[in-house]
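[1] Structure here, sequence nowhere to be found:
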């Protein structure tokens, strides 16, 4: 079975994921947490990372089952064939979108950065919603935003 990319109606990604999971299809809609602020309140929302796209892991014989959800428009294609996403790419996406890896950050502490192959970095500076991390073995300095 392969992971395929579905194109959905705008802003229907989470609905498609739920519909497909309900009928037994392995679907994944990568999301990230955002905070929206209005004049009277602050709200935490889950926003899709890939707009109008959902990943599905499905066999060749079941490809048409995804259209049971009315919000699915079509499969995404690349060079005339359905786009396939490899398992390790989905795994990396899930790891990088997992909840905050940094708990109680302190200047000088060491953390692992998954998007750089689990390299270790040192926290140099912390501000209100940003953390600066040095990856000495690569010669990089990163700025990470916290929610």
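    Ah, there it is. Quick caveat, the model's predicted, so the values are computed rather than measured.
[2] And this structure, split by domain according to the record?
    The record's domain split for the chain, according to automatic domain parsing, is 2-97, 110-145.
[3] Could you work out the end-to-end span of the last one for me?
    The stretch domain 110-145 measures 17 Å between its terminal residues, going by CA to CA, to the nearest Å.
[4] How about the longest one?
    The stretch domain 2-97 measures 21 Å between its terminal residues, going by CA to CA.
[5] How about stretch 68-81?
    In terms of CA to CA, the two terminal residues of stretch 68-81 are separated by 22 Å.
[6] what do you get for stretch 43-61?
    Across its full length, stretch 43-61 reaches 42 Å between end residues, using CA to CA.
[7] Report the buried residues of it.
    48, 52-56, 58 (16 or more other CB atoms under 10 Å). (C-beta placed from N, C-alpha, C; glycine too.)
[8] what do you get for stretch 120-127?
    Burial within stretch 120-127, assessed by neighbour count using 16+ other CB under 10 Å, is assigned to 121, 123.
[9] Show residues contacting that stretch.
    105-113, 131-136, 141-142 (CB atoms under 8 Å, 6 or more residues apart in numbering).
[10] So, low pLDDT: which residues of this protein?
    Residue ranges of the chain with pLDDT under 70: 98-104, 114-118, 147.
[11] Please name the bridge partners of residue 47.
    residue 32 (DSSP bridges).
[12] do you know how far it is from residue 59?
    Here residue 47 is placed at a distance of 30 Å from residue 59 (CB to CB, to the nearest Å).
[13] Could you do residue 132 as well?
    Where residue 59 is concerned, residue 132 sits at a distance of 46 Å (CB to CB).
[14] got it, and residue 53?
    Separation of residue 53 from residue 59 (CB to CB) stands at 20 Å.
[15] Same check on residue 81?
    For residue 81, the distance to residue 59 (CB to CB) stands at 16 Å.
[16] just the strands in the chain please.
    Assigned strands in the chain, in chain order: 2-8, 26-28, 31-37, 42-48, 53-58, 72-75, 77-78, 81-82, 84-85, 110-113, 119-126, 130-135, 140-145 (criterion: DSSP state E).
[17] For the residue nearest the centre of the chain, list the residues it contacts.
    Using CA atoms, centre = their mean, the residue of the chain that lies closest to the mean C-alpha position is residue 30, 3.6 Å off. Taking CB under 8 Å, 6+ apart as the definition of contact, the neighbours of residue 30 are 48-50, 55, 93-94, 97.
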